[in-house]
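In: Have a look at this prediction, sequence included:
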Amino acid sequence: MSEENITRITIDGKELILIGTAHVSKQSAEQVKEVIQAEMPDTVCIELDEQRYQSIKDGNKWKDMNIFKVIKEKKATLLLMNLLIASFQKRMAKQFGIKPGQEMIQGIESAEEIGANLVLADRNIQITFARIWQGVGLWGRAKLLLEIVYSVFSKDEISEEDMEKMKSKDMLNSMLHEFTIAFPKLKKPLIDERDQYLAQKIKEAPGKKVVAVLGAAHVPGIKEEIKKDHDLASLSQRPPKSVVPTIFAWMIPLLILGIIGYAFYANPSVGVDLTLSWVLWNGFFSAIGALIAFGHPLTILTAFIAAPLTSLYPLLAAGWFAGIVEAYIRKPKVGDFENLSDDVFTVKGFWNNSVTRILLVVVLANVGSTVGSIVGGADVVRMFIQNILGS
């Protein structure tokens, strides 16, 4: 049996066998099967949480999705990111003729075959996303989304030989170094914290012999973190929300309303001009966002009308209203949900599928409304200074 990509650790009388895999590699899936059959461990740990495990077990999960509930629960952006990442893995997997996450599926099947315990060793994906989203800041979020979108729709192909090289420790450390430079705040929640979580779950797994199926990026960190004890409860906490964005979210609308209100008091015609500027800039950019998403004309109109009002009330968003209208007018069919995993594979599919189009309407109308608030707010302040303070 080849020992390449395998790390053996003995701790507290327990033998731990870590298999470093590439998530869309045939060799990785084959090695997982080979190692588990040869070692006959008491427990197999896999780098999945309950949510991703269920999605693998239930291939028809999209059919049960309630798109209205997704919008109302403010999960459109999260779902869109999940689809983009899934699309990237699917493209890579299609290139090599293998299912995404085949090595994890193989780990599940092999554990069942030998009667071993199965431990879902990874942290809840929503907790990880929440900690990433909270930590990277506004500019980091935009940069991250652009990077994901580029990686999804890039036509560059990677050879299977290069993918196997990615699992070597020297190449891996080099990649993580570059990754840290590009997104320094991303590495902690995405790699470091999950290394700690995975290490603790593997260490606590029942039995004297444990095989862990892991993405190769986690193996170097887990080797170090497994020597320490980690608090799984603290690693599973959602980050506390900063009050600063909330304060700004309310201060800006109050400032705009105060400026427009005073303008009406000092010079009603100027007040009208300021109101029109706010309405037109907000409505225009939000409607452009809905238009880019190929929204229905009524969806675009809804974005235009809603944006100037929702921008003044931070608990609402223009994209939610536009998305709900789009969903009512172009209600997704069963076929849209069935084809979702294939349609996210291409740019055309993203825009043609009713489900992803609704998500794009929500996200892009909200982005447009934010841009409109910045431009419109600046224009309101400029006109106020010129026509009220300057007169």
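Out: Right, received. Where do you want to start? As the structure is a computational prediction, the values presented were derived from the model and not from experiment.
In: Tell me where the model's unsure across the stretch 201-350 of the chain.
Out: Scanning the stretch 201-350 of the chain for pLDDT under 70 picks out the ranges 245, 334-347.
In: ok, now with 80
Out: Flagging of the stretch 201-350 of the chain using pLDDT under 80 yields the residue ranges 239-246, 248-249, 332-350.
In: mind listing the strands for it?
Out: The residue ranges that make up the strands of the stretch 201-350 of the chain, judged by DSSP state E, counting those that start in this stretch, are 209-215.
In: now the helices for it?
Out: Assigned by DSSP state H, counting those that start in this stretch, the stretch 201-350 of the chain shows helices spanning 219-225, 232-235, 243-266, 268-292, 297-310, 318-329, 334-338, 340-343, 347-352.
In: Pick the most deeply packed of those helices.
Out: Between those, helix 318-329 has the highest mean count of neighbours, a mean of 25, where neighbours are mean count of other CB atoms under 10 Å. The way it works is simple: take the backbone N, C-alpha and C, and place the C-beta from them, glycine included.
In: Which elements pack onto that helix?
Out: For helix 318-329, the contact count by 3 or more CB pairs under 8 Å, 6 or more residues apart in numbering; DSSP states H and E identifies helix 67-72, helix 268-292, helix 297-310, helix 354-384 as packing neighbours.
In: mind running it again at 7 Å?
Out: Contacting helix 318-329 under the criterion 3 or more CB pairs under 7 Å, 6 or more residues apart in numbering; DSSP states H and E are the following elements: helix 67-72, helix 297-310, helix 354-384.
In: can you list those in TSV and add distance to Ile19?
Out: Shown next, in TSV, are the helices and strands packed on helix 318-329 (distance: least, CB to CB, whole Å):
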stretch	distance to Ile19
helix 67-72	35
helix 297-310	48
helix 354-384	34
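In: quick one, which of those is nearest to Leu255?
Out: helix 354-384 (8.0 Å; CB to CB).
In: Show me which positions of the closest one end up buried.
Out: Neighbour-count burial for helix 354-384, counted by 16 or more other CB atoms under 10 Å, picks out 354-373, 375-377, 379-380, 383-384.
In: hmm, back to that, ranked by average pLDDT, which of the helices and strands packed on helix 318-329 falls at the bottom?
Out: Of all these, mean pLDDT reaches its minimum on helix 67-72 (a mean of 67).
In: Ile9 and Gly20, how far apart?
Out: 13 Å (CB to CB, to the nearest Å).
In: Please say which of the two ends up with more neighbours.
Out: Taking Ile9 and Gly20 together and counting by other CB atoms under 10 Å, Gly20 has the greater number of neighbours (25 against 18).
In: Without its sequence neighbours, what residue ends up closest to that one?
Out: Nearest-residue entry for Gly20: Ala216, 3.6 Å, with adjacent residues in sequence omitted and distances by CB to CB, 6 or more residues apart in numbering.
In: count of residues packed around that neighbour?
Out: Ala216 sits with 23 neighbouring residues when counted by other CB under 10 Å.
In: isn't it right next to Ala22, touching?
Out: Yes - with contact defined as CB atoms under 7 Å, Ala216 reaches Ala22; the gap is 6.3 Å.
In: Just the element for the nearest residue to Leu235 once chain neighbours are set aside, please.
Out: With sequence-adjacent residues excluded and distances taken as CB to CB, 6+ apart, Leu235 is closest to Tyr197, at 4.9 Å. Take DSSP states H and E as the rule and Tyr197 turns out to sit in helix 193-204.
In: pLDDT on stretch 113-120, on average?
Out: Taken as a whole, stretch 113-120 has an average pLDDT of 94.
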